[in-house]
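> can't give you the sequence, but here's the structure:
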């Protein structure tokens, strides 16, 4: 433990950047310069603490000791750079460097409004995320957790249209329910429980708060409720079902936000919070000592319901992802699934599973950020958001889609990419525990298969299909084997009336759409309307009624083959100003990797994708695995990971020796 | 420091006596009210902070009026609890003057009422006598009626009348309660009452309980607890914009303080817990107000009315905290009293500022405000965030202690209501935030409406001033600055911008926002003010 101002400096760096960004709102280059500078400074500060932290030093800054201000009676405001905090802070601040370049390219590429607010809120989010990482007790983490909800709200509602506002409302309702209500309740309960047996405290201790373990022994029911309150509070941000639905809606935000915040900083703050609760508030041993007695089954570990929920989430979210045609939404459900990997690994309690879960935090971050960056880059360059429009896009954006392939492989847990390492350790942990935990292992493996099922079509359609000849997407919506689309000027596969085709084209206001384009969209519309799984397909909730119109129009069209058909399409297209993607007339133009986009976006994509590979090939040399290993051994009080092999009870024995 | 207690009667007497001065000088000069009020409140700030300093270092300050023994005479007491409220009253009263100088009602009579109100509020804070408390309640009530009625338009008069009737009923209820307690004990001094009440309860529990019941109902009405709150939204909405911050921040706060004083210093925790169903009732009234107030706030279209219902809900939290009878809950209630007062003063001042200059009074008219007036919108956002209780802010600190108190009392339903109040507050706050930041202004709603000047409730001499709106619109800057007549111009030559938003108004709003945030770090400090001495004395 050493007194140091470095943790505070890391948090304040981006907070100061907020002020500077707002102040230089007239000069975009300087404004974005502050973002980059703050990102570099923050990463530098965090990185400077890494060697010390790996050697066991804990850098601590306390409001009371440095300024003499007591935050709340009996509770100090503490920022503490320890092993677990470093894992998250290092990740968030490292990725922010590249995201700030990418965001510049993205926001300028789309000529977005309110860029100052965007970059200011972005910097504030990073400040809060690092604050969450370095928080030294439950109250401090609560402060930053709430601030993070607050400052990410402007990013979600950024577009300012109806869809964005509704998504923003949902976002803020979910996150404040999780934070301001549930997490605060849990924090108050911890304070009360510890005050029962001694000095009230909420400070994290590796392996669990001692006073809380005593409090739990005297009042096990309250301790169990508190555990679930804390977990639920963090699980909202970690998007564990049934509290996940804000995440998919939050995809209306600009892609850098979806990428860094809604795949890394915000959602991982939830997963990170769960890690803090399991490892440093309760500790594996206390959790094991508090079994729930379930009628009809007998005693069940406190962690098991959470693990079951996580296993369910990762399977169900993967299945939902299969049906999503909007690429960012598919990625969002993939995020939901992947975060539950982390939660599942942590809740299995076995050291190896925890190691896997902790390593999955950076592993998923690198791979998913690559995927989002690619999706955003495709959006900026071609305005294509829907997978069904992406046939042959590999010609247009070869480098981007190659990076996408790497990220997708990482998600699926292919060897040599980051995701494999973490999943390997989690499976190992499940295996060591044995018994019913094989079910969790099976869920992990099944999810891997599903990952391939929903990512491979994207890669396949990008590289191996062509604009005028591809399977209808999403595959799950169509009969097994897929429906081959022959899209040409003369062919109307929807059985439409050829006479009305010109009218249809005039309704398509995209300008870029040629006959073939409009026609393929029409088909695709039909498919999705018939099995509406994407609520947002024609442009969000606002379009739902229009969607209904289109649907009925199409139905009457097919039944009576009259004007109703055309009407349906007209409504659908009128409502679709957002959805004007897809290949231009004459198909995608072929670009070389160097000319497909600006370096502001390509650079970050290449770096992050490389990072995903590095983490997969040489995880032992990339800091994160070392950190995760150190965390696990310190929680279980072991000298090395080898000691912790074997069943969970044996691993817990090590700590009592 | 033996003579420091002499300041106590001066706290009350000086503003009341000086309240006649603006009228007297008004016979010769047009605008002296503000200066007199400013001088007086500044002196009061100095006096209360001096006294508070003595209280928190050396302990309780008491003063026996006229040297009478407390058993018969009136005693003034400043202890750790009341010192906080006295400072709050003085500082807020002085601060809001920064707003009224340009924005508020301007007549000399208004400032007479203002000083009378300040004196009454300080009287409530320092009195140690239950009947004397009634007198101050009435003084505050009368001054408030007058100030609400000074708004233009018939609604203000109706609102004032409504408040007059209901407020007087509330005060009368309290007086009946005091009468019953006097019957039971034979004394009116709070300190003495606390000693003799336990014996009186043993002799005749019904009498004391009936007395408590009247006191409770009276204060529920004064503090505006659901369903006795109906006077409050009208009063807050229709009061002149410069008056609402004072009333919202101080009047209900002082009433709630008096209620807490009676509960804990007169009746005492033992009476509260030993009387069957008493705490349950208090807690229920508080919790119902929290829920009902927030629900009603969500459906309002007028911003000031929405904040008024928000006050119903926030005072519900405080009353519920009183009913929990734990140390943490009491600390929480006190901190929330102060925090809420600061936040609401800022919010109402901001709403008034926006209403006067941009003519936006309903939630829908706030659309796009952030683009046009980033500073006002940003400040309002900060204040709303504090109100929701997002740390670090005053709202969070109060809620933390109250929630902790509920958990310590193991009253789980109450804990649930208190924690869920965050979401309820969020519901109406987020509505406003979303309007300001993410809803584009519709082109029909021209933000520069020169008519707005009439809404400042100014006296007659200010009314010939609507024309200047146009050149402010050319400026593209902030709203219409109604030109003022020469006298008013002289008053504000120091900051002669073409805008009715004076620096004073902006400074007040920004200062409250900063104070609300910085109080978020003062949780331990505020608890320390009460904790060792007052809390142990009450809860022993």
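Here it is on my side, so go on. The structure displayed is predicted, hence computed values, not measured ones.
> buried residues in the helix or strand harbouring residue B:504?
Following DSSP states H and E, the helix or strand that holds residue B:504 is helix B:503-519. Under the neighbour-count criterion of 16 or more other Cβ atoms under 10 Å in any protein chain shown, helix B:503-519 has B:504-506, B:508-513, B:515-517, B:519 buried. Using the backbone N, CA and C atoms, a C-beta is placed for each residue, glycine as well.
> likewise for stretch B:365-375?
With burial defined by 16+ other Cβ under 10 Å, the residues of stretch B:365-375 counted as buried are B:365-373.
> include pLDDT and distance to chain A when you put the buried residues of helix B:503-519 into TSV, please.
As requested, the buried residues of helix B:503-519 are exported to TSV (pLDDT from 0 to 100; distance: Cβ to the nearest Cβ, whole Å):
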residue	pLDDT	distance to chain A
B:504	79	24
B:505	82	22
B:506	85	17
B:508	86	22
B:509	88	18
B:510	90	15
B:511	89	19
B:512	89	19
B:513	90	15
B:515	90	15
B:516	89	15
B:517	89	12
B:519	88	12
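> residue A:219: which of the residues you listed is nearest?
For the buried residues of helix B:503-519, the closest approach to residue A:219 (Cβ to Cβ) belongs to residue B:519, at 33.3 Å.
> how about the contacts made by that closest one?
Contact partners of residue B:519, counting by Cβ atoms under 8 Å, 6 or more residues apart in numbering or on different chains, are B:335, B:338-339, B:342, B:393-394, B:397, B:526.
> what's the helix or strand where residue A:306 lies packed up against?
Residue A:306 is part of helix A:304-322, with elements assigned from DSSP H and E. Packing contacts for helix A:304-322, counted by 3 or more Cβ pairs under 8 Å, 6 or more residues apart in numbering or on different chains; DSSP states H and E, involve helix A:327-347, helix A:437-464.
> next structured bit after the last one?
Beyond helix A:437-464 on the C-terminal side, the first helix or strand identified by DSSP H and E is strand A:469-471.
> please name the nearest non-neighbouring residue to the residue in the stretch 1-150 of chain B that chain A sits nearest to.
Of all residues in the stretch 1-150 of chain B, residue B:80 sits closest to chain A, with a separation of 14.5 Å (Cβ to the nearest Cβ). In space, residue B:80 comes closest to residue B:534 once its chain neighbours are excluded; the distance is 4.0 Å by Cβ to Cβ, 6 or more residues apart in numbering or on different chains.
> now do that neighbour: how many residues are near it, please.
Counted with other Cβ atoms under 10 Å in any protein chain shown, the burial measure for residue B:534 works out to 23 neighbours.
> isn't it right up against residue B:82?
No. With contact defined as Cβ atoms under 8 Å, residue B:534 does not reach residue B:82; the gap is 9.6 Å.
> for the helix holding residue A:306, buried residues please.
Applying a neighbour-count criterion of 16+ other Cβ under 10 Å, the buried positions in helix A:304-322 are A:304, A:306-322.
> where does the residue of the stretch 1-150 of chain B closest to chain A land on pLDDT?
At residue B:80 the predicted local distance difference test score is 87.
> list the contacts of it.
If you count contacts by Cβ under 8 Å, 6+ apart, residue B:80 has them with B:55-56, B:60, B:529-530, B:533-534.
> now stretch B:91-103: average pLDDT?
In the prediction, stretch B:91-103 has an average pLDDT of 85.
> one more: stretch A:76-93?
For stretch A:76-93, mean pLDDT rounds to 88.
> do the same with stretch B:312-325
Across stretch B:312-325, pLDDT averages out at 92.
> quick check: buried residues in that stretch?
Going by neighbour count (16+ other Cβ under 10 Å), the buried part of stretch B:312-325 is B:312-325.
> by contact count, what packs against the host helix or strand of residue A:127?
With elements delineated by DSSP H and E, residue A:127 resides in helix A:115-134, which encompasses its position. With contacts defined as 3+ Cβ pairs under 8 Å, 6+ apart, the secondary structure elements packing on helix A:115-134 are helix A:6-23, helix A:28-54, strand A:78-81, helix A:83-110, helix A:138-156, helix A:266-276.
> the second one to helix A:6-23, inter-axis angle?
In this case it means helix A:28-54. Helix A:28-54 and helix A:6-23 meet at an angle of 170 degrees, taking axes from the mean of the first three to the mean of the last three Cα atoms, to 10 degrees as the criterion.
> with the longest one instead?
On the basis of the same axes, to 10 degrees, helix A:83-110 is oriented at 10 degrees to helix A:6-23.
> so how far is residue B:200 from residue B:192?
11 Å (Cβ to Cβ, to the nearest Å).
> any chance you could list residues touching both of these two?
Between them, residue B:192 and residue B:200 share these contacting residues under Cβ under 8 Å, 6+ apart: residue B:185.
> run through chain A and note the low-pLDDT ranges.
Applying pLDDT under 70 to chain A flags residues A:1, A:479-581, A:655-657.
> before we move on, what SS does the closest residue to chain B within it have?
Proximity to chain B, evaluated over chain A using Cβ to the nearest Cβ, is greatest for residue A:70 at 2.5 Å. Secondary structure for residue A:70, judged by DSSP: H, G, I helix; E, B strand; the rest coil, is coil.
> neighbours of it, just the number please.
Residues within reach of residue A:70, counting by other Cβ under 10 Å, total 20.
> and if you look at residue A:27?
Applying other Cβ under 10 Å, I find that residue A:27 has 10 neighbouring residues.
> contacts only, for residue B:27.
Applying Cβ under 8 Å, 6+ apart to residue B:27 gives no contacts.
> measure the spatially most central residue of chain A to residue A:313 for me?
Among the residues of chain A, residue A:263 comes closest to the average C-alpha position under Cα atoms, centre = their mean, at 2.3 Å. Relative to residue A:313, residue A:263 is positioned 16 Å away (Cβ to Cβ).
> and for residue A:206?
Applying Cβ to Cβ, the value for residue A:206 to residue A:313 is 28 Å.
> quick check: residue B:62 is in a strand.
Yes. The assignment for residue B:62 is a strand, going by three-state DSSP.
> from what I see, residue A:389 and residue A:582 are in contact.
Yes. Residue A:389 lies in contact with residue A:582 (Cβ under 8 Å); the separation is 3.7 Å.
> quick one, what contacts residue B:121?
Contact criterion Cβ under 8 Å, 6+ apart gives B:89, B:93, B:136, B:140, B:250-251, B:254 as the residues in contact with residue B:121.
> could I get those residues as JSON lines with distance to chain A?
Output for the contacts of residue B:121, formatted as JSON lines (distance: Cβ to the nearest Cβ, whole Å):
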{"residue": "B:89", "distance to chain A": "25"}
{"residue": "B:93", "distance to chain A": "28"}
{"residue": "B:136", "distance to chain A": "32"}
{"residue": "B:140", "distance to chain A": "32"}
{"residue": "B:250", "distance to chain A": "26"}
{"residue": "B:251", "distance to chain A": "29"}
{"residue": "B:254", "distance to chain A": "25"}
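> among those, which are located in helices?
In helices, judged by DSSP state H, the following of these are found: B:89, B:93, B:136, B:140, B:254.
> SS state for residue A:299?
For residue A:299, the assignment made with three-state DSSP gives strand.
> is it in a bridge, and if so with what?
In this structure, residue A:299 has the following beta-bridge partners (DSSP bridges): residue A:293.
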